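[1] Okay, structure incoming, though there's no sequence with it:
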């Protein structure tokens, strides 16, 4: 079993920054890829970014590429999402998730474990 706890969400103005954290427990964190997803009201959950077990492969959704950065600290069992130049359309509940292995996955159905989510609201 894996437990994931997100933190760092909040209210920020357009152009501002936030850093989300996701603390993991329950299995060998350093062997597994991790992902961030988001879900806005009335919309489906969508892929934001992922990172493989080594941190060497980090794909992003086109809508956030160049503004968001995913990273991980295997010693702390934590994955981060640095979000810069935030826009109102980034407003959503952000979830971290863990797939069953070390390879990158981009579809929610490929992830086994999910955190409870953290709200990010960007005001215009």
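    Arrived safely, thanks for sending. As the structure is a computational prediction, the values presented were derived from the model and not from experiment.
[2] distance of residue 46 from residue 40?
    8 Å (C-beta to C-beta, to the nearest Å). For every residue, glycine as well, the C-beta is placed using N, CA and C.
[3] Let me fix that, I meant to ask about residue 55.
    28 Å.
[4] Please apply the same query to residue 121.
    The value you get for residue 121 to residue 40, if C-beta to C-beta is used, is 11 Å.
[5] where do the contact lists of these two overlap?
    residue 91 (C-beta atoms under 8 Å, 6 or more residues apart in numbering).
[6] Geometrically speaking, which residue is the centre of the chain?
    By C-alpha atoms, centre = their mean, the chain has its centre lying nearest to residue 36, at 2.3 Å.
[7] which one is residue 97 nearest to, not counting chain neighbours?
    residue 111 (3.9 Å; C-beta to C-beta, 6 or more residues apart in numbering).
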